[in-house]
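Engineer: fold the following, please.
(2 chains)
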There are 2 protein chains.
Amino acid sequence: MTETTIFTGFDLAERLKQNIKMRIDALGRQPRCNLFLDSRNAGASAYAQRLAGSAASVGIDMVMREYAGSAGELRRQLQEEADAVMTLFPMPDFIDRNEVAALIGAERDVDGQHPLNAGKLALGIVGYRAAATARACVLVMSEIMGSLKGLRVVVVGASPVVGRPLALMLLEKEATVTVCHVATVDLASHTREADVIISATGVAGLIRADHIREGAVLLDVGIVRTEKGLVGDIDLDSVQGKAAVVTHVPDGVGPVTTACLLENIVAAAEARS
Amino acid sequence: MTETTIFTGFDLAERLKQNIKMRIDALGRQPRCNLFLDSRNAGASAYAQRLAGSAASVGIDMVMREYAGSAGELRRQLQEEADAVMTLFPMPDFIDRNEVAALIGAERDVDGQHPLNAGKLALGIVGYRAAATARACVLVMSEIMGSLKGLRVVVVGASPVVGRPLALMLLEKEATVTVCHVATVDLASHTREADVIISATGVAGLIRADHIREGAVLLDVGIVRTEKGLVGDIDLDSVQGKAAVVTHVPDGVGPVTTACLLENIVAAAEARS
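Structural biologist: So this is what the prediction gives:
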């Protein structure tokens, strides 16, 4: 029986924010980020409010903008003056995600979704703007385990926003990386061999005790709203007493992801100065 | 005891070349690729001759260019008129690989080494210029096995030229992918579980019978010159009778890689027309 630690990201996020504040002091002006959302969506609206609050606490001006009702107008909006631009889901279906990334541009991208930033990561070129959730996972793992060199890490979920950039960042850190996804046959046969499992699928309770080895470290990046409140990919009741560490949902990787977004906004402002 | 097939890539390469010829006919002009090399290097020189021969056979003008002796002059050379530009190793040490990629530009890149091309692959955006060896491996696997969906694939080697783009392409094909490398602990424990192993390390004879399961498919992308001639990452004598398929070195993945380079040159010419 292993005593399972529930990891919350507040301390790590706070340290990142202290560093961000110093960088903004050195910059000598308030960075501005335009944050696009569909405010009729309750989840997006609540998330935007939390983001704006965090941004304000470090001295970033987060300007809420409603998605325009036409592609032409949205194209114009996305090019409005700002150091950085963020677009929350759900996005209007009349514009393509890749066009949105192109209009924002690599310099103002805060989530590693411009091909130039994703490509620099893939090629091992320093100075890319990182996908925030993926970077947060690497920081949380480093906080819990120190060096990642030689660790067996299984990433569950192969999305361009989390799973793929995370796999590339883990290779940079010299971990051995397996990426599983919906087409994977016998997921548990992979995850049971892992020192670390990072699950980013949005399938509530996907990872249970029989998916893990004793003493594994589990990072939960899935967030699903259910009748019982927010739950993650990892079945906490099931893995308690077997996992060494499980991250809290939503207060494990979440606060660190927010700090990584703020870090990217500051980097965008610094690059223009 | 499994009967082991040695796979050569000539047939597949020939079919790709027939398609390339048709595209050049449709284009109505001869694509030009500037091929930079240090001709004092015997390996590079021999490779360039073979490439030029293949290019000529489909109607591509491969123009050999010697690396200039200074960074300024090389910068100028790399920007000379051509549909596509290729740079062979060894490259002069007075210029950075990333600067070379930037000077060539994403449109004239024939090996997926410009960040825009690598980034499109990472983000799942269609229309990127693919890393040729990685794409050749995917084509060879598809030729041997049909659909890759759900297969367990272990890639040995995490370089930006082969291992990383290959992992991303395999995820596109819905394979479950593990990337191993020099920091991996107990390589055999990973490779023994694999349906397919692709080794791209340049460590002669790295993969032996005890690294594989009965009936595995093995792709060898390592090429090392030894006293006994060219050898690959896979110890052929050792895996004979256990592997289902092993690719020949250098005539397995090699000819297909060449065809993929030619395909990329044609794509570059088409994009300008």
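
Engineer: let me see the mean pLDDT of stretch A:128-142.
Structural biologist: Per-residue pLDDT over stretch A:128-142 has a mean of 98.

Engineer: list the buried residues of that stretch.
Structural biologist: A:128-141 (16 or more other C-beta atoms under 10 Å in any protein chain shown). C-beta coordinates here come from the backbone N, C-alpha and C atoms, glycine included.

Engineer: you'd agree A:Leu116 is up against B:Ala118?
Structural biologist: No: with contact defined as C-beta atoms under 8 Å, A:Leu116 does not count as touching B:Ala118 (9.4 Å).

Engineer: looking at the two, which is more packed in?
Structural biologist: B:Ala118 (33 against 23; other C-beta atoms under 10 Å in any protein chain shown).

Engineer: OK, contacts around that one?
Structural biologist: A:Ala118, A:Gly119, A:Lys120, A:Ala122, A:Leu123, B:Gly112, B:Tyr128, B:Ala131, B:Pro160, B:Pro165 (C-beta atoms under 8 Å, 6 or more residues apart in numbering or on different chains).

Engineer: what sits closest to it if chain neighbours are left out?
Structural biologist: A:Gly119 (3.8 Å; C-beta to C-beta, 6 or more residues apart in numbering or on different chains).

Engineer: wait, a strand at that neighbour?
Structural biologist: No: counting by DSSP: H, G, I helix; E, B strand; the rest coil, one finds A:Gly119 to be helix, located in no strand.

Engineer: next, count neighbours for it.
Structural biologist: Neighbours of A:Gly119 (other C-beta under 10 Å): 28.

Engineer: likewise A:Asp93?
Structural biologist: 6.

Engineer: before we move on, what SS does it have?
Structural biologist: A:Asp93 ends up coil, using three-state DSSP.

Engineer: circling back: output the contacts of B:Ala118 as a markdown table; include the columns distance to A:Met64.
Structural biologist: A markdown table is the format used below for the contacts of B:Ala118 (distance: C-beta to C-beta, whole Å):
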| residue | distance to A:Met64 |
| --- | --- |
| A:Ala118 | 26 |
| A:Gly119 | 30 |
| A:Lys120 | 30 |
| A:Ala122 | 33 |
| A:Leu123 | 35 |
| B:Gly112 | 39 |
| B:Tyr128 | 34 |
| B:Ala131 | 41 |
| B:Pro160 | 39 |
| B:Pro165 | 38 |
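
Engineer: which one of these is nearest to A:Ala194?
Structural biologist: Set against A:Ala194, the nearest of those by C-beta to C-beta is A:Ala122 (23.0 Å).

Engineer: where do the strands of chain A begin and end?
Structural biologist: Ranges of strands within chain A are A:5-7, A:32-37, A:61-66, A:84-87, A:152-156, A:176-180, A:196-199, A:217-220, A:224-226, A:229-231, A:245-247, based on DSSP state E.

Engineer: go through the ones you listed and name the closest to chain B.
Structural biologist: strand A:176-180 (4.1 Å; C-beta to the nearest C-beta).

Engineer: tell me which of the contacts of B:Ala118 has the lowest pLDDT.
Structural biologist: Taking the contacts of B:Ala118 together, the minimum pLDDT is found at B:Tyr128 (93).

Engineer: and A:Leu261, how far is that from A:Leu206?
Structural biologist: Relative to A:Leu206, A:Leu261 is positioned 25 Å away (C-beta to C-beta, to the nearest Å).

Engineer: same check on A:Ile265?
Structural biologist: 32 Å.

Engineer: show me what contacts the residue sitting nearest the centre point of chain A?
Structural biologist: Central residue of chain A (C-alpha atoms, centre = their mean): A:Thr133, 1.2 Å from the mean position. Contacts for A:Thr133 were tallied using C-beta under 8 Å, 6+ apart; they are A:Val161, A:Val162, A:Leu166, A:Ala200, A:Val221, A:Val253, A:Thr257, A:Cys260.
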